[in-house]
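>>> Structure for the following, please:
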Amino acid sequence: MTAAPALYPDQIEGDGLVLKPWDMDLVQQLAQWSERGFPYHAFDTCYLADPVRAQAALTRHRAPGPHRHFIACEGDTAVGRVSVNLRDQAGIYFWGVHVPEEHGRRGVCRRMLSALIGWLEERYPDGPGFVLSTNAFAEHAHRAYRAVGFEISETRWHYDKQLADELWRVPLERRSVISPHLRFHNGQWEVRIHIMRRERS
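Residues are numbered from 1 along each chain as shown. From the prediction side, this is the model:
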């Protein structure tokens, strides 16, 4: 009888990074990452400084199911994070791609995605292509996605509850940075998003 494959690899190495499953030591590092605030507030991880919320997040990010969650490290230092849904109808779906400002401008996002794509292509050789969605205003992220082969396949309007709730609170001048990508439609704020796809190598 063959043993079932482990939920996670011990680690994924590539391009100067090591991708590891979430553990409490790494969660504590995420809690210390800088906050970007609106309109990137959904990625802020300061809430992990609360031990109860940290434990809940760790449990959620290690639970069985279609999602895999990784923290990218340089040595022992957490420098980024990424999640992937292995069974999304659209394909192998990347989400929660996050590099904090203090670790930006060094290609962490590109290197992290490249390492993960390499592992996924080896682990799931007959799987579908890769897909992600990204806010149209996140232009810096788009450059990293293109560098690993993603291209925009579709642009659409999307209701993002967390972003919409924050739009009622922020002053107009802070909203102006993303206003070209917003519309108020049918009584709610919507943001323009890109669907980006990458075929297998």
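
>>> Report the rounded mean pLDDT for stretch 157-166.
Across stretch 157-166, pLDDT averages out at 94.

>>> Stretch 183-198 too?
Regarding stretch 183-198, the rounded mean pLDDT is 96.

>>> try stretch 11-30
Per-region confidence: stretch 11-30 scores 96 on mean pLDDT.

>>> what do you get for stretch 39-48?
Here stretch 39-48 scores 95 as its mean pLDDT.

>>> What lies in contact with it?
For stretch 39-48, the surrounding residues in contact (Cβ atoms under 8 Å, 6 or more residues apart in numbering) are 27-28, 30-31, 33, 35-37, 53-54, 57, 96, 98, 100, 135, 137-138, 162-163, 166, 177-178. To be clear about C-beta, it is placed using only N, CA and C from the backbone, and glycine gets the same treatment.

>>> Would you list the buried entries among the residues you listed?
With neighbours counted by 16 or more other Cβ atoms under 10 Å, the contacts of stretch 39-48 contain buried members at 27, 30-31, 33, 54, 57, 96, 98, 100, 135, 137-138, 163, 166, 178.

>>> So which of those belong to helices?
Among those, the ones falling in helices (DSSP state H) are Val27, Leu30, Ala54, Ala57, Leu163, Glu166.

>>> To what extent is Pro64 buried, counted in neighbours?
The tally of other residues near Pro64 (other Cβ atoms under 10 Å) stands at 6.

>>> Could you double-check that it sits in contact with Leu7?
Yes - in this structure Pro64 lies within contact range of Leu7 using Cβ atoms under 8 Å: 6.2 Å.

>>> picking that back up, now distance to Phe184 too, for the ones in helices among the buried ones among the contacts of stretch 39-48, in TSV please.
Output for those, formatted as TSV (distance: Cβ to Cβ, whole Å):
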residue	distance to Phe184
Val27	37
Leu30	34
Ala54	36
Ala57	33
Leu163	13
Glu166	14
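
>>> So which of the buried ones among the contacts of stretch 39-48 is the closest to Ile71?
Leu30 (7.1 Å; Cβ to Cβ).

>>> Tell me who's in contact with that closest one.
Contact analysis of Leu30 by Cβ under 8 Å, 6+ apart lists Thr45, Leu48, Ile71, Ala78, Arg81.
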